[in-house]
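S.K.: Next comes the sequence, and after it the predicted model I'd like to discuss.
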Amino acid sequence: MSRIGRKPIAIPAGVEVTVEEGNVVTVKGPLGTLTHQFHPNMNIAVDGAVIHVTRPNDEKLNRSLHGLTRTLVDNMVTGVTKGFSKTLDVNGVGYRVQKQGKQCIMNLGFSHQVIVEDTDDITIECPSQNQIVVKGCDKQKVGQFAAEIREKRPPEPYKGKGIKYADEVIRRKEGKTGGKKK
């Protein structure tokens, strides 16, 4: 049995979970509503304040879906209660970000400013000139949005300039003069 798949998911107070036909799970909470359709082989049941995910048999497909389904449902419950966030750091001389209304305006060394707007379910915060925080209740959308912002100016290995995740470590390289032998 899947160790992760067997664990029950506790439903916190203020969260409403419904499972409809076709394995469509809807989770409503203080931060929003998330809906996802899961594979029809998985059995998702709500028992009071606990969600159980089971599988019909031990076929390879069902074993692989078991832990995945449980984790996705748990992420939905966590997302509508606490939410998810990704922090990005902006490094470089003259590189800075600022928030104006719903727009995040970034100066990234181009001849023009790069502008990214908040969406309905994702918000951008700029606590300082060199930091961007992407927040939302859907873990996948937050990660994708953060990756798209990072893609505007990925970090380079020589000086470390660019946009990187806060917990990311950039492997630095020596320049041309560092590799010469006498």
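M.R.: All right, it came through fine. Numbers count the residues shown, from 1 in each chain.

S.K.: what about stretch 46-62, how long is it end to end?
M.R.: 20 Å (Cα to Cα, to the nearest Å).

S.K.: which residues in the chain form strands?
M.R.: Shown for the chain, the strands assigned by DSSP state E span residues 9-10, 16-20, 24-29, 32-37, 43-47, 50-54, 84-91, 96-100, 103-107, 114-117, 122-128, 131-136, 162-165.

S.K.: neighbouring contacts of the fourth one?
M.R.: By Cβ atoms under 8 Å, 6 or more residues apart in numbering, the residues outside strand 32-37 that reach it are 22-27, 72, 76, 79-80, 121, 137-138. All C-beta atoms are positioned from the backbone trio N, CA, C, and that covers glycine.

S.K.: CSV for those, including distance to Thr35 and neighbour count?
M.R.: Compiled in CSV, those are given as follows (distance: Cβ to Cβ, whole Å; neighbours: other Cβ atoms under 10 Å):
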residue, distance to Thr35, neighbour count
Gly22, 11, 8
Asn23, 11, 16
Val24, 7, 13
Val25, 7, 23
Thr26, 5, 14
Val27, 8, 24
Leu72, 12, 18
Met76, 9, 25
Gly79, 12, 23
Val80, 11, 23
Asp121, 12, 17
Cys137, 12, 24
Asp138, 10, 20
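
S.K.: Closest one to Asn43 out of the residues you listed, please.
M.R.: Nearest to Asn43 among the contacts of strand 32-37: Asn23, at 8.4 Å, using Cβ to Cβ.

S.K.: what's the spacing between that closest one and Ser2?
M.R.: 17 Å (Cβ to Cβ, to the nearest Å).

S.K.: now Arg96
M.R.: Relative to Ser2, Arg96 is positioned 46 Å away (Cβ to Cβ).

S.K.: more neighbours, these two?
M.R.: Higher neighbour count among Arg96 and Ser2: Ser2, with 17 against 14, using other Cβ atoms under 10 Å.

S.K.: show me what contacts that one?
M.R.: Shown in contact with Ser2 (Cβ under 8 Å, 6+ apart): 55, 63, 66-67, 70.

S.K.: Roughly how far does Lys173 sit from Gly162?
M.R.: 14 Å.

S.K.: And these two? Which one has more around it.
M.R.: Comparing Lys173 with Gly162 by neighbour count (other Cβ under 10 Å), the higher total belongs to Gly162, at 20 against 11.

S.K.: can the contacts of strand 32-37 go into a markdown table with extra columns for distance to His36?
M.R.: Below are those laid out as a markdown table (distance: Cβ to Cβ, whole Å):
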| residue | distance to His36 |
| --- | --- |
| Gly22 | 11 |
| Asn23 | 9 |
| Val24 | 7 |
| Val25 | 6 |
| Thr26 | 8 |
| Val27 | 8 |
| Leu72 | 7 |
| Met76 | 7 |
| Gly79 | 11 |
| Val80 | 12 |
| Asp121 | 14 |
| Cys137 | 12 |
| Asp138 | 9 |
